[in-house]
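Student: next comes the sequence, and after it the predicted model I'd like to discuss.
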Amino acid sequence: MIFEATLIGILCYLGALSSPWLLGLTGGWYMITRPLVSGLLVGLILGDVKTGIMIGVAVQAVYIAMVTPGGSMPADLNFVAYPAIALGILSGQGPEVAVALAATIGIAGTILFNTMMVVNSFWNHRADTAIDQDDARGIYLNSVIFPQATNFVLRFVPTFIAVYFGAQYISGFMESLPKVVLSTMNVLGGILPAVGIAILLKQIIKNYTMLIYFLVGFVCIVFLKLNMVALVIVGALLALIHYNYKPEAPVTTSPVARVEDEDEF
């Protein structure tokens, strides 16, 4: 597992919030750190693409509405995307248990993220000192090399250790857990994606009457047994009807405009 753990650790570093190598945040944080994408990549590395994608989809639903305003990190999605999904695949317990593992590891990952921010403040202070001393080499080292080295160590090393040693023990550990613990993890893992979807709906829906569209999609999937392609067509039809036939807001004239019109008259 040395080769596999190394690859997953490198991907974890490349997808970190502070890694600039894959077109900045575009290719890293906003692409390969999405659990849907990382599930495919980790599945390819571990030789189980189907399970990787299934776990990635389930985990993506949990964190689909997560935002990081001002660097505030409620959960470290980078650790969710790589060591957590890798351990979920290696555990062999299904997507529900993997989601519960991901939620735990994601919260623990915020400790390492905050540690990186504290250490980087030290390099920032040294860079300020180098500026005062007109030391171009010191500025480069303390603003580019040392912060990225810190980021690499805090991403690669925990991921490598988790995947390399987890491959040997995670399956046996999960099988040794009491059934009540596994059942609880399954239940929580099944609820968390619904929580993620609910948070997303809370953010994007301004008028609660719009929830009827979401319920229509639920009925199409659960009761009418439509696949995703058919559901997309139904959704496009409903969107077209709503756009074409929604009532237009009446045009009102402001009091200032009416006064100006009367003055001109």
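Tutor: On my side now, so go ahead.
Student: low-confidence ranges, the stretch 51-200 of the chain, go.
Tutor: 69-72, 171 (pLDDT under 70).
Student: helices of that one, residue ranges please.
Tutor: Taking DSSP state H, counting those that start in this stretch as the test, the helices found in the stretch 51-200 of the chain are 77-79, 85-91, 95-132, 136-140, 146-176, 179-204.
Student: save the ones you listed as CSV, and put in distance to T6 and mean neighbour count too.
Tutor: For every residue, glycine as well, the C-beta is placed using N, CA and C. Putting those into CSV (distance: least, C-beta to C-beta, whole Å; neighbours: other C-beta atoms under 10 Å) gives the following:
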stretch, distance to T6, mean neighbour count
helix 77-79, 17, 28
helix 85-91, 12, 27
helix 95-132, 19, 18
helix 136-140, 28, 13
helix 146-176, 6, 17
helix 179-204, 28, 14
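Student: out of those, which is closest to I10?
Tutor: I10 lies closest, by C-beta to C-beta, to one member of the helices of the stretch 51-200 of the chain: helix 146-176, at 6.7 Å.
Student: got the angle between that closest one and helix 179-204?
Tutor: Angle, helix 146-176 to helix 179-204, by axes from the mean of the first three to the mean of the last three C-alpha atoms, to 10 degrees: 130 degrees.
Student: can you give me the angle helix 146-176 makes with helix 95-132?
Tutor: 160 degrees.
Student: related to what we said a few turns ago, V49 is nearest to which of the helices of the stretch 51-200 of the chain?
Tutor: Here helix 85-91 is closest among the helices of the stretch 51-200 of the chain (C-beta to C-beta), at 9.8 Å.
Student: what is the closest one packed up against?
Tutor: Under the contact definition 3 or more C-beta pairs under 8 Å, 6 or more residues apart in numbering; DSSP states H and E, helix 85-91 sits against helix 35-46, helix 49-62, helix 95-132, helix 146-176.
Student: M73: what's it in contact with?
Tutor: 17, 110, 113-114 (C-beta atoms under 8 Å, 6 or more residues apart in numbering).
Student: switch the cut-off to 10 Å
Tutor: 17, 66, 106-107, 109-110, 113-114, 117 (C-beta atoms under 10 Å, 6 or more residues apart in numbering).
Student: where's it relative to F165, distance?
Tutor: 25 Å (C-beta to C-beta, to the nearest Å).
Student: same question, V118
Tutor: 27 Å.
Student: quick check: phi and psi at F223.
Tutor: phi -100, psi -40 (degrees, to the nearest 10).
Student: neighbours around it, how many?
Tutor: 8 (other C-beta atoms under 10 Å).
Student: what does K206 give?
Tutor: 6.
Student: how far away is it from N244?
Tutor: 20 Å.
Student: which residues does G52 contact?
Tutor: Contacts of G52 by C-beta under 10 Å, 6+ apart are 35, 38-46, 85-86, 88-89, 98.
Student: cool, Q60 as well?
Tutor: Q60 neighbours (C-beta under 10 Å, 6+ apart): 34-39, 77, 80-81, 193, 196.
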